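Asker: need a structure here:
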Amino acid sequence: MAYFNIESFKTQYFLVFSALNLLRVVNTFDGAVNMIGGSIVMTALAWNVTKYIRKYLNREYLPSSKKAVLITGSDKGLGHDLAVKLNEQGFRVYATVMDINNPIIDKLMTGSRYENLMNVKKMDVTNEEEVNKVAKEVSDELVANEESLWAVINTVEVQEFGHFDWSQFSMYEKIFDVNTFGTVRVIRAFLPLLRKSKGRIVNVESIAGRLTLPKLTAYCMSKHANQAFNDALRRELYEWDIKVSTVEMAFDRKAGQLSTQNKFSRSVNKQWAMTPDYIKDFYGINYLDQIKIEKLTQIFQNNLDETMDNLVDAVRSPDPAIRYTPYTTIKAKVWANLAQMVPTEWLDKYYYSTEKDSPKPTTPSNSSTTETTSSESSTTLPTSDTTITTPTNTTATSDLQKPKTL
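Answerer: Take a look at the predicted model:
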């Protein structure tokens, strides 16, 4: 039905809005709500009902012929599966990987429906020179094939668990360099091609961009930055008719609580091993054995089938959603939206309540923290690069030994 297309959205919206208002008048739906308030509610309701009709009852996808997509992180997981999926649908796929010798590359080629449309490129998103090199290669190949770059899909990310003062500062730099600056590098490099095609940008993000959890600080910081970047990108590229969508995953992209718990255990052990001894002293020797994953991460689990459908919809729909939330339960979807509206103090109280059974840090021993002389001492705080020795007096040293509330 040609009537249900992108150009007729305003007409569809007007019809739905009028029908809902007619029902409201006939059934006195207003109640205690005045006419203005009721109209605002009906406007929002009509908007969402119209989008539902267009998206689910009459889904029509744009053709894939002569169109190419570029996917980062195609050497594993979500990026790999999406590359195979879009290849099956007739797109030329530029699947970028960190290691061109990875055995999974063979699976990408042999597992593809159209091997001639599957192109694997080595591209480290933290290397601007390499990203620009791939962008030039893709541009030349598209011209030769008389094709256009329709979509750029960013799936690559890194994630680490652990307290914010664990590990080294380089861990923060690595997470931001991949998750945030890597996304910016890729989009800046391929944007000229997207401007020509009036295509799509699809960024795979996380609920961690809206909900901040303890023990996931650096990752949450990077994803909050990405949410701001996506909002700005969507508004700035509106004039070029480039649509920007985010697919908001759970805290761990793999399905199942066991996967999340295993990843948590591996990560905290790795971060603890790189943590300076003087910081470990604040937590105590038994802290690592008792530390638990945040309970909230268990609420948010991914529906991987819905995730793949959302990614395809973001690439092919005439009217893609701004944000997709492929969580497994309605509870998770409600939580994600409710958390944006409740007072911050309530969220803090909830987090504190989930930590009641968590291990408590201990007071560092005198011997491991300071060495005191008769009149003056020095406190040595190791860092990732150098050892900084700061002269202090006995009183200041005593203050350092007081228990900390973490």
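Asker: how about low-confidence regions in this structure?
Answerer: 1-10, 12, 22-42, 45, 47-59, 251-263, 290-302, 328-336, 339, 354-406 (pLDDT under 70).
Asker: How is it partitioned into domains?
Answerer: 6-57, 67-353, 371-400 (automatic domain parsing).
Asker: Please identify the most buried of those domains.
Answerer: Per-stretch averages of neighbours, counted by mean count of other Cβ atoms under 10 Å, single out domain 67-353 among the domains of the chain, with a mean of 18. Every C-beta, even on glycine, is put in place using the N, C-alpha and C of the backbone.
Asker: what distance separates the start and the end of it?
Answerer: 51 Å (Cα to Cα, to the nearest Å).
Asker: Stretch 327-347 too?
Answerer: Across its full length, stretch 327-347 reaches 20 Å between end residues, using Cα to Cα.
Asker: The chain should start at 38 in everything you say after this.
Answerer: Taking 38 as the first residue, the last one we looked at is stretch 364-384.
Asker: which residues in the chain form strands?
Answerer: Ranges of strands in the chain, per DSSP state E, are 104-108, 129-134, 155-159, 185-191, 237-243, 280-286, 360-361, 408-409, 414-419, 424-429.
Asker: Give me the contacts around the third one.
Answerer: Around strand 155-159, the neighbours that count as contacts under Cβ atoms under 8 Å, 6 or more residues apart in numbering are 111, 120, 124, 129-137, 142, 145-146, 149, 167, 171, 174-175, 178.
Asker: relative to strand 129-134, how tilted is that strand?
Answerer: For strand 155-159 against strand 129-134, the angle by axes from the mean of the first three to the mean of the last three Cα atoms, to 10 degrees is 30 degrees.
Asker: tilt between strand 155-159 and strand 104-108?
Answerer: Using the same axes, to 10 degrees: strand 155-159 against strand 104-108 is 40 degrees.
Asker: quick one on the thing from earlier: reformat the strands of the chain as JSON lines; add distance to residue 322.
Answerer: As requested, the strands of the chain are exported to JSON lines (distance: least, Cβ to Cβ, whole Å):
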{"stretch": "strand 104-108", "distance to residue 322": "45"}
{"stretch": "strand 129-134", "distance to residue 322": "41"}
{"stretch": "strand 155-159", "distance to residue 322": "44"}
{"stretch": "strand 185-191", "distance to residue 322": "41"}
{"stretch": "strand 237-243", "distance to residue 322": "33"}
{"stretch": "strand 280-286", "distance to residue 322": "35"}
{"stretch": "strand 360-361", "distance to residue 322": "44"}
{"stretch": "strand 408-409", "distance to residue 322": "20"}
{"stretch": "strand 414-419", "distance to residue 322": "18"}
{"stretch": "strand 424-429", "distance to residue 322": "23"}
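Asker: Looking at those strands, which is nearest to residue 223?
Answerer: Nearest to residue 223 among the strands of the chain is strand 185-191 (6.0 Å), distances taken as Cβ to Cβ.
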